[in-house]
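In: Here is the input, now give the coordinates:
(one chain, ligands or ions: 1)
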Amino acid sequence: MKVQVNEDMCEGHGKCQNAAPAVFRLREDDVSEVIVDVVPAEEVERVERAIRLCPRQAIKWVSQT
Ligand code: SF4
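Out: Purely as a prediction, here's the structure:
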């Protein structure tokens, strides 16, 4: 699975990076970016947590196709 951050919605709270630092990174402009192409299986639970914690609902799973 791939995950995506909607940059227009992100407000840079960084909760995603705290929840899954191997997947999300807060850029210097305070927008989160996804730093992996495909989310490894062992990170899925952390990404789910990031999705729940994001106060802007800016994170979502996307299909690989
Ligand atoms: S938790 Fe949501 S709003 Fe905060 S940096 Fe991550 S994607 Fe952006």
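In: got the residues of the protein near the ligand?
Out: Counting by C-beta under 6 Å from any ligand atom, the residues of the chain lying close to the ligand are 5, 10-16, 26, 32, 54-56, 58-59. (Glycine included, C-beta is placed from N, CA and C.)
In: Can I have the buried ones of these as a PyMOL selection?
Out: For the buried members of the residues of the chain next to the ligand, the matching PyMOL selection, counting by 16 or more other C-beta atoms under 10 Å, is:
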select buried, resi 5+10+13+14+15+16+26+32+54+56+58+59
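In: Which ones among the residues of the chain next to the ligand lie within strands?
Out: Among those, DSSP state E puts 5, 26, 32, 59 in strands.
In: was I right about the second one contacting Lys15?
Out: I take that to be Leu26. No: with contacts defined as C-beta atoms under 8 Å, Leu26 does not count as touching Lys15, sitting 9.9 Å away.
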